[in-house]
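Novice: Sharing a model that was predicted from the sequence below.
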Amino acid sequence: MPQLANMVLKDHAGTDHTFIPRDVTGGVATTVLSTGVPIGEKTASFSVTRTATGKRKCLLKMALPVVQDVVVSGISKPTVVRTSYMEASFNFDPTSSTAERQDALAYLISFLKDTGQIAPLVEDLAAPY
């Protein structure tokens, strides 16, 4: 079992962002990109659980809120105005091999790097035809 540690993730511009450990609750590890103000922290969480059918489920999630200062009754306060969510789920049979799981991860990484089909789908919200 890997120990929860800092994760350095790159944005589209290639800038490194360090997500620091927040906690592990109910088997779900959470890291945050903190600005010092808890509202609007970007989060990355991950877990491994066993399903009712005995499969192992690896779940990766991110939440990327956008914060703006909103003035209410003359008082300005940071407010989450929208949030983008991402989720990746792997489900493995108990008899799956390490090589099969390595291939699944490699395929997902390659799938997300497919700039010809996946980038327009996500970046431009262009549906495939």
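Specialist: Nice, I can see it. Residues are numbered from 1 along each chain as shown.
Novice: Can you pull out the residues in contact with the lowest-mean-pLDDT helix or strand in the chain?
Specialist: Here the helix or strand of the chain ranked lowest by mean pLDDT, DSSP states H and E is helix 118-123, holding a mean of 90. The contact list for helix 118-123 (Cβ atoms under 8 Å, 6 or more residues apart in numbering) reads 111, 112, 126, 127, 128. C-beta: built from backbone N, CA, C; applies to glycine.
Novice: Of those residues, which is the most crowded?
Specialist: Of all those, the highest neighbour tally under other Cβ atoms under 10 Å goes to residue 112, namely 13 neighbours.
Novice: now the residue lying closest to residue 108 once chain neighbours are set aside: how far from residue 59?
Specialist: Leaving aside its sequence neighbours, residue 108 sits nearest to residue 88 (Cβ to Cβ, 6 or more residues apart in numbering; 6.5 Å). Noted for residue 88: a distance of 8 Å to residue 59, by Cβ to Cβ, to the nearest Å.
Novice: ok, now residue 84?
Specialist: Taking Cβ to Cβ, one finds residue 84 at 17 Å from residue 59.
Novice: Tell me which of these two has more neighbours.
Specialist: A direct count of neighbours by other Cβ under 10 Å for residue 84 and residue 59 places residue 59 higher, at 15 against 11.
Novice: Need the pLDDT of the more buried one.
Specialist: On pLDDT, residue 59 comes in at 96.
Novice: who's in contact with it?
Specialist: Here residue 59 is in contact with 46, 47, 48, 49, 87, 88, 89, 90 (Cβ under 8 Å, 6+ apart).
Novice: same thing but at 10 Å, please
Specialist: 28, 45, 46, 47, 48, 49, 87, 88, 89, 90, 91 (Cβ atoms under 10 Å, 6 or more residues apart in numbering).
Novice: what's the neighbour count on residue 64?
Specialist: When neighbours are defined as other Cβ under 10 Å, residue 64 has 16 of them.
Novice: any idea how far residue 73 is from residue 84?
Specialist: Taking Cβ to Cβ, one finds residue 73 at 29 Å from residue 84.
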